[in-house]
Each structure stands twice: as C-alpha cells, then as structure tokens.
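Student: next input, structure requested:
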Amino acid sequence: MRTGEKMQKTAGKRRMQAAGVALLGALGCQGGNTTGNSPAGSTAPAASTAPAASAAAGDAGAAAGDAGAAAGDAGAVADISLTSESVLKVMNPKRREAYSGPTGTLRGRVTIKGDPPPDTGLSFPAGKCGEAAATYGRLFRVGQQNALADALVTVVNYSGYVPEREEAEKVTIHGCAFSSRTVAMTFGQRLEVANLDPLEPYMPNLEGAPFMAVLVAMPQGDAVKFHPPQPGYYELVDKMPKPFLKSQVFVLKFATHDVTGLDGQFEIKNIPVGKVLTAALLPAIDQDVKKEIEIKEGDNTADFELNFDLEKHNEKKDAKPSP
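Tutor: Take a look at the predicted model:
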C-alpha cells in the first residue's frame, strides 16, 4: 500500500473514532469523571449530555487511537477486570458501596421512520456467507413494524453506583456475520467472540485495543477474548478477507445499557429509582434520541423513535471534515 493510501486509511479510522467519541458524549456518563473534561488522550465518554463539538471529538479520537496502540503490554491487559484497581478508579472513584435501594427495570422498543436504509454496495462471498448480506447489505437493519436493530439504549444520571454483574459480553459469528452490528459493554468486562460455524474460521480483532498476537476463532471452538484497556469506542473486525465483517463496540463507564435485536426490544435492569436520562443511539447513522423519565420500583416502559432522512444523511456524509 502506498504512503498516501495508508494516510487516508489512518485518517478514516480516526474520523470513525472521533464519531464514536462524539456519540458517547451525546449519551452522557454515569460516574467517573464528573467535571465534563475527559483526560487528555482518553476515549472516556464526556459527562455532558450534549453532543461533543466535532473539532474536539476529532482531536480526542486521534489521541485515542494513539493511546490504544501504546497500551499493548501484557501486564496492562491482565489488569483489566471488573474488580481490578485500574477499573475501579474509573468506574467507582469514590469507592461507594453498591446501590442496594429500590430498583426498576426499563423495557421498551426502538423504531425508525422515514426513508428505508440504502444498499451499502458491499459484495459477499457466495455459499458460506449466508447471513452477511442480511446483516451488512443495507446501511442499518430494520425488522417488522419498523423495529430498529443494533440501537444502543442507555440509562444515566441516577443516584448510586450500579456495578456490572456479568464478567463478559459475548458475541458470536455465524455465516460471516457478527450477532450484532453494535456491541455495548461495561469497562472491566472482557469481550468474548465465539465462532458458531462448523467449518469456516475467523480472525477477530478489536481495533483500538492492544494487539499482541493473531487470534483465530476456530469453528465451534473456544471464544477469543479481548480486554478493552479503557472506556471508549472500538471496532470489532475480521482480519481474514471479509472487510464487511464489522461491529461497533462501545465500552461504557456505567452498567445500565442494552442493544436492540431485530425486534427492536431492549431491557435494562437494576436501575435506581428516581429521575434518569435515557437515550437510544443508532451508530450507523450517527443519530440519537433522549428522554428524561421517572424510574419506579418494578417494571417501567419507554419507547424511542428515530427518523431517517436519506438526503440529509448523504449531505452530512459528503461534507468535508474541518481542516
């Protein structure tokens, strides 16, 4: 690859990381840094619920890529877990006891109206990649009755520290497709990627995390494990010749989140009662919608609806980035 092409590819990745930082800022942050200023070089979500400025996001995204690449020593990776000191400093800096008061569960559905998702123009291998076209053939996935898949739903701004209860976030590969195009996990969790195919191997990699060795997900074998070194945005890809095989990974500083399937449904448990800020984000179109609601003990419901305007999306996509 020529030098110019390499520079363009690197710039593209950094723009993608910058978009991730901006989107995370739009969702807000529960815990951690509450001043609204992320540490230099960090991909940590901003404390503000307002979208981050694009210029600042660009700088943060570029720094994040460099920071992720520099974090590749084995000791740092081994220290990433839900109970490790490095994680607790970020997730629970005041060392508060886990919230033990009344909690509620939030369920709902995310839908989308407006223009249908356009074709991505991607090509897929015939035969062995039966699920790839359905997953990646269009800009985003829509199920029955306008149900929106791959939407990240979050709840923040509650009182109390809610720890993550699951040690790992699990993703599967089948038919040359990840089980979701969006992955949400809590900082301290590990990401496990398992291959369900009977014959086809894959080589998953978490871009932005330390890369120490080539990891192969063998057919129906053990899961490949990744440990994101800090909160922020990453991209799960396949190092085999399947450039379409991707998933956007958001490592968050709070445990109250979920991602919708093709039915558009989500469920978030263990939310402290009281007023909270909820949001639904579709990374594929860089769009989110927010609601402030009251969580009551027991079951709660909230639905979200996004609107897709193809013309406006193309205008935004074609706009040149600021120098």
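Student: could you use CA atoms for every contact and neighbour count after this?
Tutor: OK.
Student: tell me the centre residue of this structure?
Tutor: The centroid of the chain falls nearest to residue 250 when counting by C-alpha atoms, centre = their mean (2.5 Å).
Student: so in the protein, where's the weakest helix or strand by average pLDDT?
Tutor: For the chain, the helix or strand with the lowest mean confidence is helix 54-70, at a mean of 37 (criterion: mean pLDDT, DSSP states H and E).
Student: need the contact partners of whatever helix or strand residue 171 lives in.
Tutor: Per DSSP states H and E: residue 171 is located in strand 168-173. With contacts defined as C-alpha atoms under 8 Å, 6 or more residues apart in numbering, strand 168-173 is touched by 178-180, 184-185, 189-197.
Student: what's the average pLDDT for that strand?
Tutor: Mean pLDDT, strand 168-173: 98.
Student: name the residues of that strand that are buried.
Tutor: Neighbour counts over strand 168-173 (16 or more other C-alpha atoms under 10 Å) mark 168-171, 173 as buried.
Student: inside strands: which ones of the contacts of strand 168-173?
Tutor: 184-185, 190-195 (DSSP state E).
Student: in stretch 241-260, which residues are buried?
Tutor: So stretch 241-260, judged by 16+ other C-alpha under 10 Å, has buried residues 242, 244-260.
Student: cool, stretch 180-200 as well?
Tutor: For stretch 180-200, a neighbour-count test (16+ other C-alpha under 10 Å) marks 180-197, 200 as buried.
Student: ok now it, how far from the chain's centre?
Tutor: 12 Å (C-alpha atoms, centre = their mean, to the nearest Å).
Student: next one: stretch 85-92
Tutor: Taking mean C-alpha positions (C-alpha atoms, centre = their mean), stretch 85-92 and its chain are 20 Å apart.
Student: that stretch - what's its average pLDDT?
Tutor: Averaged across stretch 85-92, the pLDDT comes to 96.
Student: quick check, residue 121 in a strand?
Tutor: No - assessed with DSSP: H, G, I helix; E, B strand; the rest coil, residue 121 is coil; it does not lie in a strand.
Student: per-residue pLDDT of it, please?
Tutor: 95.
Student: for it, which non-adjacent residue is spatially closest?
Tutor: residue 137 (7.1 Å; C-alpha to C-alpha, 6 or more residues apart in numbering).
Student: contacting residues for the one you found?
Tutor: For residue 137, the contacting residues are 119-122, by C-alpha under 8 Å, 6+ apart.
Student: likewise residue 205?
Tutor: Going by C-alpha under 8 Å, 6+ apart, the list of residues near residue 205 reads 211, 215, 236-239.
Student: bridging residues for the closest residue to residue 223 other than its chain neighbours?
Tutor: Using C-alpha to C-alpha, 6+ apart and skipping residues adjacent in sequence, the residue nearest residue 223 is residue 194, 4.2 Å away. On the basis of DSSP bridges, residue 194 is bridged to residue 172.
Student: 33 is where my numbering starts, stick with that
Tutor: Okay, residue one is now 33; in that scheme the one you just asked about reads as residue 226.
Student: any idea how far residue 226 is from residue 242?
Tutor: 19 Å (C-alpha to C-alpha, to the nearest Å).
Student: now, which of the contacts of residue 237 lie within strands?
Tutor: Members of the contacts of residue 237 lying in strands (criterion: DSSP E): 268-270.
Student: mind putting those residues in a markdown table, pLDDT and neighbour count included?
Tutor: Below are the ones in strands among the contacts of residue 237 laid out as a markdown table (pLDDT from 0 to 100; neighbours: other C-alpha atoms under 10 Å):
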| residue | pLDDT | neighbour count |
| --- | --- | --- |
| 268 | 97 | 22 |
| 269 | 96 | 20 |
| 270 | 95 | 23 |
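Student: could you redo those as a markdown table and give each row distance to residue 313?
Tutor: Below are the ones in strands among the contacts of residue 237 laid out as a markdown table (distance: C-alpha to C-alpha, whole Å):
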| residue | distance to residue 313 |
| --- | --- |
| 268 | 18 |
| 269 | 21 |
| 270 | 24 |
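Student: closest one to residue 173 out of the contacts of strand 200-205, please.
Tutor: Nearest to residue 173 out of those is residue 212 (C-alpha to C-alpha; 10.0 Å).
Student: the closest one and residue 278 touch, don't they?
Tutor: No - between residue 212 and residue 278 there is no contact under C-alpha atoms under 8 Å: 9.2 Å.
Student: what sits closest to residue 291 if chain neighbours are left out?
Tutor: With sequence-adjacent residues excluded and distances taken as C-alpha to C-alpha, 6+ apart, residue 291 is closest to residue 184, at 4.6 Å.
Student: okay, now that neighbour: neighbour count?
Tutor: Per other C-alpha atoms under 10 Å, the neighbour tally for residue 184 reads 22.
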